[in-house]
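K.L.:
generate coordinates for the sequence data below:
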Amino acid sequence: MGANPAAARAVTAPHRLLWAREFLSLPKLLAAPWRAPVVVPPFGRGRPVLVLPGFINGEGSTALLRASLASAGFDTHGWGEGMNFGARADAMARLGQRVTDLGRASGGELILIGWSLGGLFARVLAQQHPQACRLVVTLGSPFSGDRRANNAWRLYEAINDHAVDNPPLSGDPGVKPRARTIAVWSARDGIVAPRCAEGEPEQSDRRIEVPFKHFELVAARGAVAAVLQILREELD
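P.N.:
Purely as a prediction, here's the structure:
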């Protein structure tokens, strides 16, 4: 399920000026593993969270978010697949097993948080393993509309053997999983077209706009605080 074809064609990638401004956020992203977590009163109660990074990023990019989740009392897990270079059937199979294991151990309380491309994976994993997942949160993820309405698709196709709109995923990221699903998006996103990250009303339970660049969605302290607040609202 996605945007209608006419609407999809109408969406274009963010303006080059927004794209250029993304590079101002790179120092925050690169320094994420060494930054102190955002501290809030603990409310996680040991619930498991699996965090999936964006395209051409690995565990380091989500380190600030994961450290903040751990500080808030969550049982936090990285995705464990190194750099995210695109959809891989073997990686998705391993992630599916991790989702099953974490969901079984927690009684179906697993939370999936995916940044950018990682959000597409999170939605598909939740579709495949509905009994394991309680909540899915996507951060600037192009799950809706035209998969070429972003400033990364050419690079994606250059290093993968499949088209960006035909990845080897056994599910459609545009279809809302059974689990409660939150789409976080930004009008300041310089990588992904905001409409593609916001999606249509039927594709998520909530669509939340935040005032951050694409790289800041996991690297800015304000964005991490916003994610924690969303989790508090959803879980409490």
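K.L.:
and the biggest helix by length in the chain, what does it pack against?
P.N.:
Of all the segments assigned as helix in the chain under DSSP state H, the longest by residue count is helix 89-106. Here helix 89-106 touches strand 48-52, strand 75-78, strand 110-115, helix 117-128, going by 3 or more Cβ pairs under 8 Å, 6 or more residues apart in numbering; DSSP states H and E. Any C-beta I mention is one placed from the backbone N, CA and C, and that applies to glycine too.
K.L.:
quick one, which of these is packed in tightest?
P.N.:
Each of the helices and strands packed on helix 89-106 was given a mean neighbour count from mean count of other Cβ atoms under 10 Å, and the largest, a mean of 30, is that of strand 110-115.
K.L.:
which of the three states applies to the closest residue to residue 201 other than its chain neighbours?
P.N.:
Using Cβ to Cβ, 6 or more residues apart in numbering and skipping the chain neighbours, the partner closest in space to residue 201 is residue 207 (7.4 Å). The three-state assignment at residue 207 reads strand, by DSSP: H, G, I helix; E, B strand; the rest coil.
K.L.:
so how far is residue 200 from residue 207?
P.N.:
9 Å (Cβ to Cβ, to the nearest Å).
K.L.:
could you list the low-pLDDT ranges of the protein?
P.N.:
When the per-residue scores of the chain are filtered using pLDDT under 70, the ranges that remain are 1-10.
K.L.:
dump the helices and strands packed on helix 89-106 to CSV, plus distance to residue 32.
P.N.:
What follows is the helices and strands packed on helix 89-106, written out as CSV (distance: least, Cβ to Cβ, whole Å):
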stretch, distance to residue 32
strand 48-52, 12
strand 75-78, 12
strand 110-115, 11
helix 117-128, 15
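K.L.:
relative to residue 190, which of the ones you listed is closest?
P.N.:
The closest approach between residue 190 and any of the helices and strands packed on helix 89-106, judged by Cβ to Cβ, belongs to strand 110-115 at 14.5 Å.
K.L.:
strand partners of that closest one, parallel vs antiparallel please.
P.N.:
strand 48-52 (parallel), strand 133-139 (parallel) (DSSP bridges).
K.L.:
ranges for the helices of this protein?
P.N.:
In the chain, the helices defined using DSSP H lie at 5-10, 16-21, 26-30, 63-71, 89-106, 117-128, 153-159, 194-198, 216-219, 221-235.
K.L.:
what's the most buried one of those?
P.N.:
The highest mean neighbour count among the helices of the chain, using mean count of other Cβ under 10 Å, belongs to helix 216-219: a mean of 28.
K.L.:
and it, what other elements does it pack with?
P.N.:
helix 26-30, helix 63-71, helix 221-235.
K.L.:
same thing but 10 Å
P.N.:
Helices and strands touching helix 216-219, by 3 or more Cβ pairs under 10 Å, 6 or more residues apart in numbering; DSSP states H and E, are helix 26-30, helix 63-71, strand 110-115, strand 133-139, helix 221-235.
K.L.:
any chance of those in CSV, with distance to residue 168 too?
P.N.:
Rendered in CSV, the data for the helices and strands packed on helix 216-219 read as follows (distance: least, Cβ to Cβ, whole Å):
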stretch, distance to residue 168
helix 26-30, 27
helix 63-71, 27
strand 110-115, 17
strand 133-139, 20
helix 221-235, 29
